[in-house]
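Q: Need coordinates for the following:
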Amino acid sequence: PLVPRERRFELTERTTGEGLETPVDPEDVRELAATLRDEDVEAVAVSLLHAYADPENEATVAEILREELDVPVSTSHEVLAEFREFERTSTTAVDAYVRPAIDRYVGRLVEESEDAGVPAPRIMQANGGIADPETVREHAVTTTLSGPAAGVVGAAATVDDDAVEGLVTFDMGGTSSDVSLVRDGEAERTTDAEIDGIPIRTPMVDVNTVGAGGGSIAWVDAGGALRVGPRSSGAEPGPACYGKGGTEPTVTDANVVLGYIGPETALGGEMTLDVEAARDALEGLADEAGLDGALEAARGVFRVANATMTRTIRSVTVERGHDPREFALVAFGGAGPMHAAALADSLEVCLLYTSL
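A: Numbers count the residues shown, from 1 in each chain. The predicted structure follows:
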């Protein structure tokens, strides 16, 4: 859970579907604020029963906490003013969880834009639209999966799908692969999403995410089977081939060993690849998995990663009653086009578009 048990607190108050019954005691809230200050929390989520019907108690709690604490405070009646307390609380907790990072990041963007003399940025949202920086800083949960959403909306706007039933968009980045559908020129949207089992009830492009990206680490499970992800090497130290101290084999290392990423490639025009480090990482995996050398291990990692992504594509097509062979595949992201041809072949996709 995003909020550990020891950081969940109660207040005496009562609101029903008909309205306020027991007002919250401001002194109780101030005592709670002191406890939170001692806990050195970075953000607070406030979710009281039936606050969607009457937010007075929540508003009182938030006002006092904002006076007493110098941290973001997210309230359920502002984030998701709907009944069903579990989903409302979960969405509010996600908002509080990402808010400090979003606030810092967007704040830097605004400052640097002002210094450069350019207009303040517009920030992509999960629903495929854009918002001004202040709105995003106050409602950070609306940026959930906004990166993949941008690709889906872009594909819907730029790719002609008249010859097919629709598009399957495939975004493969560093830590995950994200799949979505476009039908009749429109990205499919939902308000019933989950990320890693955590419900998020905010309007968003319907994106299915799986932990298989370029930085996903390959490993061998207790039964001796080769697995890929969801653990990732991240940007630091990154894949072994980055030469930043990473030693665990990743999908990117497999692509380097297989020659899909050439040894002369200069990532971003600056970073050169350490092919030997990638080969050493895959050699270690081969020994553990009982495979014949780094090349065989790299082939296995590539196939396992593609199988994971193929299952995700089938989950948004076959499992929803769509024939993937009637769709076109649009690939983007740092590693999407590199794997797209293999995915299109296994799915018998009728057309393949790729764009970086």
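
Q: ok, Asp132 - contacts?
A: Going by C-beta atoms under 8 Å, 6 or more residues apart in numbering, Asp132 touches Ala120, Arg122, Ile123. C-beta: built from backbone N, CA, C; applies to glycine.

Q: Most neighbours among those, which one?
A: Neighbour counts for the contacts of Asp132, by other C-beta atoms under 10 Å, peak at Ile123, which reaches 21 neighbours.

Q: re the thing from before, so which of the contacts of Asp132 belong to strands?
A: Ile123 (DSSP state E).

Q: can the contacts of Asp132 go into a markdown table with extra columns for pLDDT and distance to Pro263?
A: Listed next are the contacts of Asp132 as a markdown table, based on pLDDT from 0 to 100; distance: C-beta to C-beta, whole Å:
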| residue | pLDDT | distance to Pro263 |
| --- | --- | --- |
| Ala120 | 91 | 42 |
| Arg122 | 94 | 39 |
| Ile123 | 95 | 38 |
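
Q: want to throw the contacts of Asp132 into CSV with distance to Thr190?
A: Compiled in CSV, the contacts of Asp132 are given as follows (distance: C-beta to C-beta, whole Å):
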residue, distance to Thr190
Ala120, 29
Arg122, 23
Ile123, 20
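
Q: between the contacts of Asp132, which is closest to Leu295?
A: Ile123 (43.6 Å; C-beta to C-beta).

Q: where's that closest one relative to Ala157, distance?
A: 18 Å (C-beta to C-beta, to the nearest Å).

Q: Flag the shaky bits of this protein, pLDDT-wise.
A: 161, 267, 350-356 (pLDDT under 70).

Q: so where do the helices sit in it?
A: Taking DSSP state H as the criterion, the chain carries its helices at 26-39, 56-68, 76-79, 85-116, 133-138, 146-158, 251-258, 275-289, 293-316, 336-347.

Q: Let me know the distance separating the residue most central in space within the chain from Pro337.
A: In the chain, the residue lying closest to the centroid (C-alpha atoms, centre = their mean) is Leu145, at 4.8 Å. Distance of Leu145 to Pro337, given as C-beta to C-beta: 20 Å.

Q: Asp178 is in contact with the residue nearest to the centre of the chain, correct?
A: Yes: with contact defined as C-beta atoms under 8 Å, Leu145 counts as touching Asp178 (7.0 Å).

Q: Give the residues shared as contacts by these two.
A: Val207, Thr209.

Q: what are the bridge partners for Ala328, then?
A: Ala328 has these beta-bridge partners by DSSP bridges: Leu167, Leu351.

Q: how close does it sit to Gly166?
A: Distance from Ala328 to Gly166, by C-beta to C-beta: 8 Å.

Q: Give me the more crowded residue out of those two.
A: Neighbour totals were compared for Ala328 and Gly166, and Ala328 leads with 23 against 19 (other C-beta under 10 Å).

Q: Done for today, thanks.
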